[in-house]
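J.: What shape does this take:
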Amino acid sequence: MKKLVIGCGVLLVLGVIVLIIVAIAGGSYNRLVRLSQAVDSSWAQVQNDYQRRADLIPNLVATVSGAAKFEKSTLTEITEARASVGKVNIDAKSAPTDPAKLAEFDRAQSQLSSALSRLLVVVERYPDLKATANFVSLQAQLEGTENRITVSRQDFNNAVQAYDTAIKSFPAVFYAGALGFHEKPYFAATAGAEKPPQVQFNFDNTKPAPAPAKP
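T.: Next up, the predicted model:
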């Protein structure tokens, strides 16, 4: 009888231990799910902001192409860069797990940013174009979009950091991989990435009158 009581006591203790382990594991698993969903949500916002910029570009190209003698090579470059972004096959709703795929996406977006910057530099040579209402509106929208992109990229990196830290922490480190929770890549930091690109134009088209010619 005494042995039976001891045996039941041992089983009870073991049962409590198992329940505690299950509760801890269950809570940890649910946390990983939430963190993974936060990464996907942040990624979707990144995609939305980049798409908003891409949607502005055709209107920008149409606006500047009407300027007399505007450099066609500049328009071709930004149009091709925008098309290259669309060729990167990446899920808009699920954050990439392949660092190479994220790097490919980032390179395409960086090329588009560079082409856009060069186009805006060329626009400086056309004061009449800069003064049009449509161009002023595009300036404001592009500047706001670049700010949103910078913020959404940082939010994405923060979400990935929280997720990657969680899957490497106890007790998730023992089972995260087996349950499909794998490390996710970050956006690589670039020089000046902490500041959004400046999409600004000088609308003061007045120039000092030339000095009168000496007789």
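J.: Tell me how many other residues crowd Thr97.
T.: 12 (other C-beta atoms under 10 Å). For glycine as for every other residue, the C-beta is placed from the backbone atoms N, C-alpha and C.
J.: For it, give me the backbone phi and psi.
T.: phi -110, psi -10 (degrees, to the nearest 10).
J.: ok, it - contacts?
T.: 182-185 (C-beta atoms under 8 Å, 6 or more residues apart in numbering).
J.: and the residues you listed, which are buried?
T.: For those, a neighbour count by 16 or more other C-beta atoms under 10 Å gives the buried set as 184-185.
J.: Please identify the buried residues of stretch 96-107?
T.: In stretch 96-107, counting by 16+ other C-beta under 10 Å, buried: 96, 102, 104-106.
J.: Same check on stretch 118-129?
T.: 118-120, 122-123, 126, 129.
J.: and of these, the nearest to Asp49?
T.: For these, the residue nearest Asp49 by C-beta to C-beta is Leu120; the value is 18.5 Å.
J.: Assign a three-state SS to the closest one, would you?
T.: When classified by DSSP: H, G, I helix; E, B strand; the rest coil, Leu120 comes out as helix.
J.: Now do it against Ala178, distance only.
T.: 50 Å (C-beta to C-beta, to the nearest Å).
J.: and what of Phe105?
T.: 28 Å.
J.: Equivalent analysis for Glu124, please.
T.: 57 Å.
J.: same question, Thr74
T.: To Ala178, Thr74 is 52 Å away according to C-beta to C-beta.
J.: pLDDT below threshold where in the protein?
T.: Along the chain, segments meeting pLDDT under 70 span 1-27, 68, 190-215.
J.: so where do the strands sit in it?
T.: In the chain, no strands are defined using DSSP state E.
J.: Count the residues that sit near the spatially closest residue to Asn157 that is not a sequence neighbour.
T.: Closest residue to Asn157 apart from its sequence neighbours, by C-beta to C-beta, 6 or more residues apart in numbering: Tyr186 at 4.9 Å. Tyr186: 15 surrounding residues under other C-beta under 10 Å.
J.: for Ser152, same thing?
T.: The burial count for Ser152: 20, using other C-beta under 10 Å.
J.: i'd like the first residue to be 33 from this point on
T.: Understood, numbering begins at 33; the last thing we discussed is Ser184.
J.: for it, what are its contacts?
T.: Residues near Ser184 by C-beta under 8 Å, 6+ apart: 74, 77-78, 80-81.
J.: From the residues you listed, pick the one nearest Phe206.
T.: Among the contacts of Ser184, Ser74 lies closest to Phe206 (C-beta to C-beta), at 26.6 Å.
J.: where's that closest one relative to Thr111, distance?
T.: For Ser74, the distance to Thr111 equals 29 Å [C-beta to C-beta].
J.: more neighbours, those two?
T.: Ser74 (21 against 15).
J.: Would you confirm that the more buried one contacts Asp81?
T.: No. Between Ser74 and Asp81 there is no contact under C-beta atoms under 8 Å: 10.9 Å.
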